[in-house]
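Got a predicted structure here, sequence first:
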Amino acid sequence: MKKLKKHIGYYLSLLAIFTTGFLLTVYTSPNLNLQKLTVTLTIIAYVLWGIFHHFINHELTKRIVIEYSLIGLLGLSILFFVIEGGA
């Protein structure tokens, strides 16, 4: 709980990134290309947020950069699959 209170600003900003990304994706739903761009930018913001968070807290390592990048790519792959309808 102490760690949560210490990093509440980071978690709220992450929530803001995902909420904004979700709302923009829903708003742009008729246009698949714009929807893909919105999803991609949201995931890039997530990866950069994670790297920045760990950099500020002096915990940044190559492994963390790789982890955030791979999670971002996995999320991007899943969302593109869903947006394309599995085709």
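Ah, there it is. Numbering: from 1, shown residues only.

Okay, and Phe52 sits in which element?
helix 32-56 (DSSP states H and E).

How about Thr19?
Going by DSSP H and E, Thr19 is in helix 8-27.

just to revisit the earlier point, check what contacts the helix holding Phe52 and list those residues.
7, 10, 13-14, 17-18, 20-22, 24-25, 28-29, 60-61, 64-65, 68-69, 71-72, 75-76, 79-80, 83-84 (CB atoms under 8 Å, 6 or more residues apart in numbering). To be clear about C-beta, it is placed using only N, CA and C from the backbone, and glycine gets the same treatment.

Quick check on these: which are buried?
Leu14, Ile17, Gly21, Leu24, Thr25, Thr28, Tyr68, Gly72, Leu76, Leu79 (16 or more other CB atoms under 10 Å).

re the thing from before, the helix holding Thr19 vs helix 32-56, what angle?
170 degrees (axes from the mean of the first three to the mean of the last three CA atoms, to 10 degrees).

what's the average pLDDT for helix 8-27?
pLDDT averaged over helix 8-27 equals 90, rounded to a whole number.

Give me the distance from that helix to the chain's centre.
The chain centroid and the centroid of helix 8-27 are separated by 8 Å under CA atoms, centre = their mean, to the nearest Å.

Now do it: which elements does it pack against?
The contact analysis (3 or more CB pairs under 8 Å, 6 or more residues apart in numbering; DSSP states H and E) places helix 8-27 against helix 32-56.
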